[in-house]
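> Here is the input, now give the coordinates:
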Amino acid sequence: MTYDIIIIGAGPAGISAALYAKRANKNVLVLYYGEAQLEKAHTVDNYYGTGSISGAELYKNGIEQARALGVEVKNEEVLHLSIQADFNYEVKTSAADYQCGALILATGNKKVRPNIAGVADFEGKGISYCAICDGFFYRGKTVAVLGSGDYALSEAGDLENIVQKLYILTDGAPAPETDKYEIITKKIAEISGDGRLGGVLFEDGTSLELNGLFVALGVAGGADFAKKLGVALDGDSVKVNPDMSTNAPGVFACGNVTGGLLQVCKAVYEGAEAGLAAVNYLKNKN
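Presented below is the predicted three-dimensional model:
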């Protein structure tokens, strides 16, 4: 299925972008999955015109408003993004494959750093958060993916034809439903190595030698998607221009994924900018 604009994230930034893009008569799809940061807010009482409202209600109202305008909003986990010819983009979810001319990242920043001793010491020295970015450096070597969901399986898929040996480590979580990979469900005690990652030590005293470890806990966030598309980052935040465009043609970002003030008002403003900029991009592209 092909859309003019696909927006990943259904919070204030993503829905705001969708409203402005749809009002410009664009065919818009919003994809979201899991609990949004706004939903966790017990009360929002500092946003214009709402009085006191729960974050969950404000979030629900936004999605209903977009749907009432004709925006397609689907609850599907995004697993993979890729660029096609003529700077069109493919978005693969747990349910379907979609194509679009412009892409807006409005996921918030969901990067999950595991609470395991040694992780911080080996980030960039054997520990990576992006298989498609760094898999090439581990060709012919032994690596593992840390995670237990569909996102972890997607990362494993990007590595399976590159590396010599591939494990999935769930760190105590239930094993994913697959027979493609060797899965180890034991709890991890620590990450070890001498200057670079050497392996993992499990709580039962056993160990596993590794050249690389790819972290894919939970669901992918904005920084994860940005890396897959070659979008520039500033730390864990996506770097954007004043119109919310990134260094990748046709890719825009807004809301918490860009860092700065983590407030609804900022997300709504950036979403409007991103939606309008995506519309303008498509107009000039065509």
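
> Show me which positions of the lengthiest strand in the chain end up buried.
Identified as the longest strand of the chain according to DSSP state E is strand 97-105. Buried residues in strand 97-105, counted by 16 or more other CB atoms under 10 Å: Tyr98, Cys100, Gly101, Ala102, Leu103, Ile104, Leu105. (C-beta placed from N, C-alpha, C; glycine too.)

> check contacts around the third one.
Right, Gly101. Tyr3, Asp4, Ile5, Phe87, Asn88, Tyr89, Gly250, Leu282, Lys285 (CB atoms under 8 Å, 6 or more residues apart in numbering).

> Counting neighbours, which of those comes out on top?
Ile5 (28 neighbours; other CB atoms under 10 Å).

> Can I take it that it is in a strand?
Yes. Membership of Ile5 in a strand is supported by DSSP: H, G, I helix; E, B strand; the rest coil.

> remind me which residues of this structure are low pLDDT?
40, 109-112, 286 (pLDDT under 70).

> now Gln99, nearest residue through space, not along the chain?
Thr2 (4.5 Å; CB to CB, 6 or more residues apart in numbering).

> I'd assumed Tyr98 was in contact with that neighbour.
Yes. The pair Thr2 / Tyr98 is scored as a contact, 7.3 Å apart, by CB atoms under 8 Å.

> mind giving me a markdown table with the contacts of Gly101 and columns for distance to Leu38?
Shown next, in a markdown table, are these (distance: CB to CB, whole Å):
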| residue | distance to Leu38 |
| --- | --- |
| Tyr3 | 24 |
| Asp4 | 26 |
| Ile5 | 21 |
| Phe87 | 31 |
| Asn88 | 30 |
| Tyr89 | 26 |
| Gly250 | 27 |
| Leu282 | 28 |
| Lys285 | 32 |
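
> Of the residues you listed, which is the nearest to Asn25?
Asp4 (9.0 Å; CB to CB).

> That closest one contacts Ile104, correct?
No. With contact defined as CB under 8 Å, Asp4 does not count as touching Ile104 (11.1 Å).

> Helices of the protein, start to end?
12-23, 55-69, 119-122, 131-134, 150-159, 222-229, 264-285 (DSSP state H).

> and Ser237, how far is that from Met244?
Between Ser237 and Met244 the distance is 13 Å, computed by CB to CB, to the nearest Å.

> Between those two, tell me which one has more neighbours.
Met244 (28 against 17).

> Against Ile116, how distant is that one?
35 Å.

> which residues are common contacts for Ser237 and Met244?
Thr258.

> count of neighbours near the residue lying closest to Ser237 once chain neighbours are set aside?
Distance criterion CB to CB, 6+ apart; nearest residue to Ser237, sequence neighbours excluded, is Gly259 at 3.3 Å. Using other CB under 10 Å, Gly259 has 16 other residues around it.

> check contacts around Gly259.
Shown in contact with Gly259 (CB under 8 Å, 6+ apart): Asn109, Asp234, Gly235, Asp236, Ser237, Val238.

> now it: how far from Cys133?
Counting by CB to CB, the gap from Gly259 to Cys133 is 20 Å.
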